[in-house]
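In: structure here, sequence nowhere to be found:
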């Protein structure tokens, strides 16, 4: 996996990823099933989520909440209240999206030759500002039915002639959105029939779930750390706060970060801290009431975390 892609930082990157909400990947029809009888008649409908009383009854206000409902194989999680316009249009502007939690999940299936294929599936939880006003476009059989799984209606969306790329939605606030496979997996976890991921347990123990986060990002690591967490919020003093947590940060990375955190502070009122919480988790924090100062220092610390970037040297062309 390309290290620079994995080491992407900041809310802008997360929001760009979130725009994919309306184009969710699915498993092939062989694994996912269909929205109704093969070869049946289908009709497009616009429905209100609140009309379905078999939705979920969970609460997700942070990444830490969301970890209770996402499966093994998850390698990246985002939580944001900075929802892009594309996400709002997903619901025909009937209600504002208050937040999105998205997990990217690896799965492995065999192809027609029996060789394993790695696929990445998004699983999302959408929180609405006005749930009673949320409507979505969907497709159902001519008999007016959607698939049912564990007593939950799976609202089918997309093109029925391309079932591998259809998505499904379960009513509730938050509402589950994903491929058939990811949706039913989340329902199994919620119903206690399957355990959620444990890959982030160590770092999650140090995430403050009482904070009203604007943005959170959690990812499995490569090279310099095992797991990585970043968040942004405003504290009681109206300061912008960015927090990084690392599980098993390497000694080299620790030294790079210490140099930057301990560098002379050129901004009035800005606070930088470096703390080794225990032998597993390292915490770095930046606080400032002035966003430009906060952003400038955050960029420098991110560069220190990332470390030196290898660049290709151009070879000189001999001249005649």
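Out: Yep, it's here. Predicted, not measured: the structure shown is a model, and the values here were computed from it. Numbers count the residues shown, from 1 in each chain.

In: for the longest helix anywhere in the chain, packing partners?
Out: Longest helix in the chain by number of residues (criterion: DSSP state H): helix 291-306. In terms of contacts (3 or more Cβ pairs under 8 Å, 6 or more residues apart in numbering; DSSP states H and E), helix 291-306 is packed against strand 240-247, helix 251-261, strand 281-288. In this view, the C-beta of every residue, glycine as well, is placed from N, C-alpha and C.

In: list of residues touching the last one?
Out: The contact list for strand 281-288, computed with Cβ atoms under 8 Å, 6 or more residues apart in numbering, reads 202-203, 206, 235, 239-247, 249, 254, 257, 261, 267, 269-277, 294, 297-298, 301.

In: try stretch 233-252
Out: The contact list for stretch 233-252 (Cβ under 8 Å, 6+ apart) reads 202-203, 206-207, 211-214, 221, 223-232, 253, 257, 280-289, 291, 294, 298, 301, 305, 307.

In: buried subset of those?
Out: With neighbours counted using 16 or more other Cβ atoms under 10 Å, the contacts of stretch 233-252 contain these buried positions: 202-203, 206-207, 211, 213-214, 221, 224-232, 253, 257, 280-282, 284-288, 294, 298, 301, 305, 307.

In: helices of the stretch 1-150 of the chain, residue ranges please.
Out: Using DSSP state H, counting those that start in this stretch, the helices of the stretch 1-150 of the chain run over residues 3-6, 11-18, 29-32, 63-66, 85-89.

In: helices or strands up against the fourth one?
Out: In other words, helix 63-66. strand 74-80, strand 97-110.

In: distance between the first one and the chain's centre?
Out: This points to strand 74-80. In terms of Cα atoms, centre = their mean, to the nearest Å, the centre of strand 74-80 is found 3 Å from the chain centre.

In: how much does it deviate in direction from strand 97-110?
Out: 170 degrees (axes from the mean of the first three to the mean of the last three Cα atoms, to 10 degrees).

In: what does strand 74-80 rub up against?
Out: With Cβ under 8 Å, 6+ apart as the test, strand 74-80 has contacts from 11, 14-15, 17-18, 60, 62-63, 66-67, 70, 99-106, 123, 197, 199-200, 213-220.

In: I appreciate the help and will end here.
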